[in-house]
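[1] 3D model of this:
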Amino acid sequence: MRHSVKDHAEIFRISAASEKVDDFRHRAQGNVEAGGNSAIVAGFFYNRRGGQTETKHAQMLHSLLFQVLQQDSRLFTSFRDVYRNLREKSGNTISWPYEDLKAIFLNLATFDKFPLKMYFVVDALDESDEGERAEILSLLSNACPEPAPCVIKSIVASRPSNDVGKIFKGLKDYHKIVLENENLEDIKKVVAVGLVPIERELGPCSPDVQLIRSYLTENSHGVFLWVELVMRKLEQYVSEGATGEGIMIRLKCIPEDLYTFYSDIVKKLNTRDGYDIAEATAMLTWASFAARPLAVREFGDAIAISMASDTEQLDTGVLNAKRYRNPDHLRKGIKSRSGGLLETTVSQTLERQSHFHSKGQPQDSAGAEVVQLLHQTVRGTKRW
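    Here you go, the predicted model:
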């Protein structure tokens, strides 16, 4: 992570080809701790796959402010007046409007009781609501007027987007980092790890392995997701007993563009038997168009209902016959039927809600897991 000598408000723009950069917060925290500096590090990931709440700027500010207060309770004085006002109006149930959250953020920016350093990591800006993007970026970049006792530095990550690019051009001062130009060494490490099973088959000194390594590194364009998907293909080729030359020929047939890659997966799904196609269609449709991400068990029930014919009565016996036996069974089915276009992951929203459970209460991992598209870019694939 790069550091700057500018004293007060500052913003970095990370332009990432097609994937989230959610480890920056951890890297920033590590750098702060390694440098022996006391600072607050908070982050938020906009996620269109997470439903409407996870694309809203109010939710982003709410999350950042919660993390700030959680790390230093002395800053409650910046929250106090707004909180008390809302409490008087709302009673015990408080709703945090965008304008009030913005007011608290500005209060923090003028905090002068003791030296304050805050680092914010905001990921996937391109997946956020478009309406207030310019205002949010202006808020982050102009938070601390000079001279001020506070330091606020923000890292904002986004896939290339004309809308986002125009907003950044309107800012007075920011630093731009094109991730593709910076992560080549990391790509090489991922490729090296992924090639281990192939080296076992072909030999570490095989010229074919070296060709594969060079091809993956040169054609990844900084996109880890593409490397991961190609590695899955290579593992399949090796398990089928392909020769080094055969692997290389097949590798060159794999599209470098993710959208074309996804379309090829969908084409192969459509060559399966009728039941598999129907189940894959139901899974991809529910993951793409549900109002919010469905928990694993909800998803299983939705698929069971979708697989029932018009003539079948939806009683317990019929649905049980179509349900997967347990969450592990369903996870395997999701991976297989979707061709890898779907994944299960812990929802940010459900993870936050888990804080309200008592420590002695057992947690159901399947209840906190949701089913979602492998990446937001899958949504742009030709419909299945």
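[2] Going by C-alpha atoms from here, please, whenever you check contacts or count neighbours.
    Will do.
[3] Can you tell me how far the residue of the chain most remote from its centre is from N326?
    The outermost residue of the chain relative to its centre, with distances by C-alpha atoms, centre = their mean, is T311 at 40.6 Å. Between T311 and N326 the distance is 26 Å, computed by C-alpha to C-alpha, to the nearest Å.
[4] Does the residue farthest from the centre of the chain lie in a helix or a strand, and which?
    In the assignment (DSSP states H and E), T311 maps to no helix and no strand.
[5] can you check E298 too?
    Per DSSP H and E: helix 296-306 holds E298.
[6] Now do the buried residues in that helix.
    Buried residues in helix 296-306, defined by neighbour count with 16 or more other C-alpha atoms under 10 Å: V296, R297, F299, G300, D301, A302, I303, A304, I305, S306.
[7] Break this protein down into its structural domains.
    Described in terms of automatic domain parsing, the domain architecture of the chain consists of the residue ranges 10-181, 184-256, 265-380.
[8] what's the average pLDDT for the longest one?
    Yep, that's domain 10-181 we're talking about. Model confidence over domain 10-181, given as mean pLDDT, is 81.
[9] do the same with the shortest one
    Mean pLDDT, domain 184-256: 87.
[10] now do the same end-to-end measure for that domain.
    When the termini of domain 184-256 are compared using C-alpha to C-alpha, they are 16 Å apart.
[11] buried set for stretch 307-317?
    Under the neighbour-count rule (16+ other C-alpha under 10 Å), stretch 307-317 has M307 buried.
[12] give me every residue that touches V371.
    Under the criterion of C-alpha atoms under 8 Å, 6 or more residues apart in numbering, the neighbours of V371 are A287, P293, L294, A295, V296, F299, L342, E343, T344, T345.
[13] mind saving the C-alpha coords of stretch 163-174 as PDB?
    Taking Å, rounded to 0.1, in the frame of the first residue of the first chain, the C-alpha atoms of stretch 163-174 are listed here in PDB:
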ATOM      1  CA  ASP A 163     -19.600   7.300 -14.800                       C
ATOM      2  CA  VAL A 164     -17.100   6.800 -12.000                       C
ATOM      3  CA  GLY A 165     -14.300   8.200 -14.200                       C
ATOM      4  CA  LYS A 166     -16.200  11.400 -14.900                       C
ATOM      5  CA  ILE A 167     -16.800  12.000 -11.200                       C
ATOM      6  CA  PHE A 168     -13.100  11.500 -10.300                       C
ATOM      7  CA  LYS A 169     -12.200  14.000 -13.000                       C
ATOM      8  CA  GLY A 170     -14.200  16.600 -11.200                       C
ATOM      9  CA  LEU A 171     -12.200  16.200  -7.900                       C
ATOM     10  CA  LYS A 172      -9.400  18.600  -7.300                       C
ATOM     11  CA  ASP A 173      -6.900  16.200  -6.000                       C
ATOM     12  CA  TYR A 174      -6.600  12.400  -6.000                       C
END
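[14] Count the neighbours of F66 for me.
    When neighbours are counted by other C-alpha atoms under 10 Å, F66 registers 12.
[15] Please give the element, helix or strand, for it.
    Using DSSP H and E, the secondary-structure element containing F66 is helix 57-71.
[16] Quick check: which helices or strands does that helix pack against?
    If contacts are counted by 3 or more C-alpha pairs under 8 Å, 6 or more residues apart in numbering; DSSP states H and E, helix 57-71 sits against strand 40-45, helix 98-109.
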